[in-house]
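Visitor: following is a predicted model, sequence given first.
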Protein chains: 2
Amino acid sequence: MADRSRPGDPAPYFETHVFACVNERPAGHKRGCCKSRGAEPLRNYMKARAKELGLDNVRINQSGCLDRCELGPTMVIYPEGIWYSYHSVEDAEEIIQRHLIKGERVERLMLRPEDKRPEDRLVKAEQ
Amino acid sequence: MADRSRPGDPAPYFETHVFACVNERPAGHKRGCCKSRGAEPLRNYMKARAKELGLDNVRINQSGCLDRCELGPTMVIYPEGIWYSYHSVEDAEEIIQRHLIKGERVERLMLRPEDKRPEDRLVKAEQ
């Protein structure tokens, strides 16, 4: 994470701030969209679970298009700036348990800056 | 900013990631909402200006409710985690020029963690 903080900056308002893309594009758009890939129920699941688990200093927000549509549904977690591509309740739960609660990383779901298409992730995984 | 990064974390995908709340609540809700306070055209202005100015590594996203409705329109800028309450094109432009381009802070518009209501900001400004 690039450190862009400055002396005197206020303390964080949320310790962990999740932005889950729920953007919808018109049907048939060549990039697709996170919403058509199932983002909304997954984001709702994460929000409900965070509440259920009492994760008071975590906020699970929906966001507009994060511009990595082909890899969706995507989310980004700040301030650490970690991106995930997640596709099921099991993926979402693993991100909650390992990343949000323990501060770990869920390597198998993480996106790297060079990931632009699902093929990029597959090639990497096979190397 | 709390440093929640870990060794081996990927480089940031966006150098600066702005989330501007555009949440809408039903008319008459006691907390109000950023949308009714004019958030949408201000967010659109910032997005258009970032493009116009060629700020390639900055993304201006809309987000759902950031839960500081009374202080809206609000935005948060990551990874630095700085919050602003902004109310005009002039405010938005100052955030672009000083925070996004120069990495400075626009103190007069910043929110602190203890700010919950507009009165909190006024009291502080008068001290």
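Guide: Thanks, I have it. Numbers count the residues shown, from 1 in each chain, chains lettered A, B, ... in the order given.
Visitor: only C-alpha atoms from now on, for both contacts and neighbour counts.
Guide: Will do.
Visitor: name the nearest residue to the residue in chain A that chain B sits nearest to, ignoring sequence neighbours.
Guide: Going by C-alpha to the nearest C-alpha, chain B is nearest to residue A:63 of chain A, at 4.1 Å. Nearest residue to residue A:63, sequence neighbours excluded (C-alpha to C-alpha, 6 or more residues apart in numbering or on different chains): residue B:63, at 4.1 Å.
Visitor: please report how far that neighbour lies from residue A:61.
Guide: To residue A:61, residue B:63 is 7 Å away according to C-alpha to C-alpha, to the nearest Å.
Visitor: can you check residue A:73 too?
Guide: Using C-alpha to C-alpha, one gets 14 Å for the distance from residue A:73 to residue A:61.
Visitor: what's the answer for residue A:114, then?
Guide: 25 Å.
Visitor: on that earlier part again, which ones are touching the residue of chain A closest to chain B?
Guide: A:19-23, B:19, B:61-64 (C-alpha atoms under 8 Å, 6 or more residues apart in numbering or on different chains).
Visitor: kindly report the same for residue A:66.
Guide: A:21, A:74-75, B:61.
Visitor: near the closest residue to residue A:14 other than its chain neighbours, how many other residues are there?
Guide: Leaving aside its sequence neighbours, residue A:14 sits nearest to residue A:57 (C-alpha to C-alpha, 6+ apart; 5.3 Å). Number of residues near residue A:57 (other C-alpha atoms under 10 Å in any protein chain shown) recorded here: 12.
Visitor: I'd say residue A:57 and residue A:18 touch.
Guide: No - with contact defined as C-alpha atoms under 8 Å, residue A:57 and residue A:18 do not form a contacting pair (11.1 Å).
Visitor: give me the contact list for the helix or strand harbouring residue A:46.
Guide: Secondary structure assignment for residue A:46, by DSSP states H and E: helix A:39-52. With C-alpha under 8 Å, 6+ apart as the test, helix A:39-52 has contacts from A:20-22, A:56, A:58-62, A:72-74, A:87-89, A:92-93, A:96.
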